[in-house]
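Chemist: got a sequence here, can you model it:
(one chain, ligands or ions: 1)
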Amino acid sequence: MDVGIAESAADAASTAADLIQRAVRAKPEVVLGLATGSSPVGIYDELARRLSDGGISLAAASAFMLDEYVGLPPDHPQAYRSVIEDKFTRKVDIDPAHVHGPDGTADDVEAACADYEQAIRAAGGIDVQILGIGTDGHIAFNEPSSSLASRTRIKTLTRQTRIDNSRFFDGDLDAVPSHCLTQGIGTILEARQILLIAAGSAKAEAIRQTVEGPVSARWPATALQLHPAVTVLLDPAAASRLD
Ligand code: F6R
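Modeler: Now for the predicted structure:
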């Protein structure tokens, strides 16, 4: 695991964008794995800026989202499909038809999850997976006690994650869905390269466990220690509990 401590969250995002830019230059038809939430927004802004400068093009790329709430229609402003469009894909030249997400409205959830795994495989797998991390150490929505071998499936969100995410729902905890479809930890570990970005002291303990703790389903992100190509980019506050 390569751990980089940047001077600021903006610097961490810029370093992450460098890594993605290199991957896109090496393989224009790169398959990106996209996280939602606030952590990757700086990366997405930086990639959009580089696109308008002509430094990068995602015209041949495709993307797979990590997760989606269950029960929100895709055009709901907080559905991850809408959020990723708003924060990233509408600002770059990626073909919207090549941006995929789990179907949180499917009647047959199991089939939707199996189809999603198959779509990732058919695309040749994910080249660069962008991850944020929850305060409880979740990656995607693999909450504590998730199997480290898990695949895309339905999960119940913990109360803590719903509280953390209620800021996107005007602070209304009841409006935050209770379930989601999420790539599993086993799915994420199949990406060729993984880039985790975290900022702020609320993430410091989860980062300490991820980097220095024993591998355990208690802190799902510790599974990243098993992957050969993980880069963790932090601001000083997120890194503040590292030895
Ligand atoms: C979102 C996702 C989650 C978030 C995590 C951190 O697609 O997979 O694991 O990365 O909840 O969220 P933020 O970045 O909002 O602190």
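Chemist: what residues does this structure put near the ligand?
Modeler: Counting by CB under 6 Å from any ligand atom, the chain comes close to the ligand at 35-39, 66-67, 132-134, 138-141. C-beta here means a position set from N, CA and C on the backbone, and glycine is covered the same way.
Chemist: can you say which of those are buried?
Modeler: For the residues of the chain next to the ligand, a neighbour count by 16 or more other CB atoms under 10 Å gives the buried set as 35-37, 39, 66-67, 132-134, 138-141.
Chemist: tabulate those residues (a markdown table), appending secondary structure and pLDDT.
Modeler: Formatted as a markdown table, those follow (DSSP: H, G, I helix; E, B strand; the rest coil; pLDDT from 0 to 100):
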| residue | secondary structure | pLDDT |
| --- | --- | --- |
| A35 | coil | 98 |
| T36 | coil | 96 |
| G37 | coil | 92 |
| S39 | coil | 98 |
| L66 | coil | 98 |
| D67 | strand | 97 |
| G132 | coil | 98 |
| I133 | coil | 98 |
| G134 | coil | 94 |
| H138 | coil | 95 |
| I139 | strand | 98 |
| A140 | coil | 97 |
| F141 | coil | 95 |
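Chemist: contact partners for the residue nearest the centre of the chain?
Modeler: Nearest to the mean C-alpha position of the chain, by CA atoms, centre = their mean, lies A35 at 2.4 Å. Counting by CB atoms under 8 Å, 6 or more residues apart in numbering, A35 touches 65-66, 130-132, 140.
Chemist: which of the residues you listed sits closest to the ligand?
Modeler: Nearest to the ligand among the contacts of A35 is G132, at 2.5 Å by CB to the nearest ligand atom.
Chemist: now that closest one: closest residue in space, sequence neighbours ignored.
Modeler: S39 (3.3 Å; CB to CB, 6 or more residues apart in numbering).
Chemist: contacting residues for that neighbour?
Modeler: Applying CB under 8 Å, 6+ apart to S39 gives the contacts 132-133, 197-199.
Chemist: switch to 10 Å and redo it
Modeler: Going by CB atoms under 10 Å, 6 or more residues apart in numbering, S39 touches 9, 12-13, 16, 130-134, 196-200, 203, 233, 238.
Chemist: so which bits of the lowest-mean-pLDDT helix or strand in the chain are buried?
Modeler: Sorting the helices and strands of the chain by mean pLDDT, DSSP states H and E puts helix 159-165 at the bottom, at a mean of 92. Buried residues in helix 159-165, counted by 16+ other CB under 10 Å: 161-162, 164-165.
Chemist: same thing with stretch 79-86?
Modeler: Buried residues in stretch 79-86, counted by 16+ other CB under 10 Å: 79-85.
Chemist: which element is the residue nearest to Q160 when sequence neighbours are not counted on?
Modeler: In space, and not counting its chain neighbours, Q160 is closest to D136: 5.5 Å by CB to CB, 6+ apart. Assigned by DSSP states H and E, D136 belongs to no helix or strand.
Chemist: hang on, the earlier thing: for the least confident helix or strand of the chain, name the packing helices and strands.
Modeler: Counting contacts by 3 or more CB pairs under 10 Å, 6 or more residues apart in numbering; DSSP states H and E, helix 159-165 packs against no other helix or strand.
Chemist: who does the next helix or strand after that helix touch, helix- and strand-wise?
Modeler: Per DSSP H and E, helix 159-165 leads on to strand 179-182 as the next helix or strand towards the C-terminus. Applying 3+ CB pairs under 10 Å, 6+ apart, one finds that strand 179-182 contacts strand 67-69, helix 109-122, strand 153-156.
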